[in-house]
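In: generate a structure from the sequence data that follows.
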Amino acid sequence: MRQAMFMPRHTLLPLIVALSVSACGGGDDPAPAAQTQQYPAVYGGPSAPTADVGRDGDFFINATTGEMYGPKAGGVWPTATVSLV
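Out: This next block holds a predicted model:
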C-alpha cells in the first residue's frame, strides 16, 4: 500500500507563491542573494540541484521531471523527491 505524503503548512506557502509567480509570467528579475532571504525560497532548473544552490530550508523544482527536492538540510539536498506531476 502506498502512503500519502503531506507537507507541513509552513512549507506549502512558499511553493504556492513560487508557482503563482511563474504561472503569471513574473519572476524575470534575478533572484535576490540567499543571504537576503528571510523565508525558505523555491528554486528551479532543468536538472537536479547542486550543493551550491540554496540554503537550509529551501526547496528546488526540477523543471524537466517535475520533481521537488527539499527542504535542504545540513547543506545537502535530499535524494527523495516529491512528484508535482
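In: next up, the contacts around G45.
Out: G45 makes contact with V53, F60, N62, A63, according to C-beta atoms under 8 Å, 6 or more residues apart in numbering. In this view, the C-beta of every residue, glycine as well, is placed from N, C-alpha and C.
In: partners of it in the sheet?
Out: Note on G45: beta-bridge partners by DSSP bridges are N62.
In: distance check, it against Q38.
Out: 23 Å (C-beta to C-beta, to the nearest Å).
In: only whichever of the contacts of G45 are buried, select them in PyMOL.
Out: In PyMOL, this line selects whichever of those come out buried by 16 or more other C-beta atoms under 10 Å:
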select buried, resi 53+60+62
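In: looking at the contacts of G45, spot the one nearest A73.
Out: Nearest to A73, judged by C-beta to C-beta, of the contacts of G45 is F60 at 12.7 Å.
In: was I right to think that closest one contacts A41?
Out: No. Counting by C-beta atoms under 8 Å, F60 does not reach A41; the two are 9.2 Å apart.
In: give me the common contacts of these two.
Out: Common neighbours of F60 and A41 (C-beta under 8 Å, 6+ apart) are G54.
In: any idea what the nearest residue to P78 once chain neighbours are set aside is bridged to?
Out: Excluding the flanking residues, the one nearest P78 by C-beta to C-beta, 6 or more residues apart in numbering is Y69, at 6.1 Å. Counting by DSSP bridges, Y69 forms beta bridges with F60.
In: Y69 - how many residues pack around it?
Out: Neighbour count of Y69, defined by other C-beta atoms under 10 Å: 21.
In: and P71, by the same measure?
Out: 18.
In: what's the closest of the contacts of G45 to T81?
Out: N62 (7.6 Å).
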